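Chemist: Have a look at this fold, sequence not included:
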């Protein structure tokens, strides 16, 4: 009997909780970023989803830290 491990799904849309996990930040921080317009999202009915490309754009726009 073999145990296959499924590869992670390469999502196009993320729930805010999933986006928080992908960004390694808190869920409430994701909601704050969406509210202030720093993180774009779409509405599907009553739910909010964040495009993978919008997550990548957000990260790319973060300023580097200088000592």
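Modeler: Received the coordinates, thanks. Computed from a predicted model, the values in this text were never measured in an experiment.

Chemist: Please make it C-alpha for all contacts and neighbour counts, starting now.
Modeler: Will do.

Chemist: what does the strand or helix carrying residue 18 contact?
Modeler: Assigned by DSSP states H and E, residue 18 belongs to helix 16-23. The contact list for helix 16-23 (C-alpha atoms under 8 Å, 6 or more residues apart in numbering) reads 26-27, 29-31, 48-50, 55.

Chemist: and it, average pLDDT?
Modeler: Helix 16-23 shows a mean pLDDT of 95.

Chemist: Buried residues, it. List them.
Modeler: By neighbour count with 16 or more other C-alpha atoms under 10 Å, helix 16-23 contains the buried residues 16-20.

Chemist: Show me what the nearest residue to residue 43 once chain neighbours are set aside is bridged to.
Modeler: Closest residue in space to residue 43, ignoring its immediate chain neighbours: residue 49 at 6.3 Å, by C-alpha to C-alpha, 6 or more residues apart in numbering. For residue 49, the residues forming beta bridges with it (DSSP bridges) are residue 42.

Chemist: need the contact list for residue 49.
Modeler: Residue 49 neighbours (C-alpha under 8 Å, 6+ apart): 13-16, 41-43.

Chemist: Quick check on the residues you listed: which are buried?
Modeler: Among the contacts of residue 49, those buried by neighbour count (16+ other C-alpha under 10 Å) are 13-14, 16, 41.

Chemist: measure the residue minimising distance to the centre of the chain to residue 66 for me?
Modeler: Nearest to the geometric centre of the chain sits residue 19, at 2.5 Å (C-alpha atoms, centre = their mean). Distance, residue 19 to residue 66, by C-alpha to C-alpha, to the nearest Å: 26 Å.

Chemist: show me where this protein has strands.
Modeler: 13-14, 42-44, 47-51 (DSSP state E).

Chemist: pLDDT on the second one, on average?
Modeler: I take that to be strand 42-44. Mean predicted lDDT for strand 42-44 stands at 97.

Chemist: list the helices and strands it packs on?
Modeler: Using 3 or more C-alpha pairs under 8 Å, 6 or more residues apart in numbering; DSSP states H and E, the elements in contact with strand 42-44 are strand 47-51.
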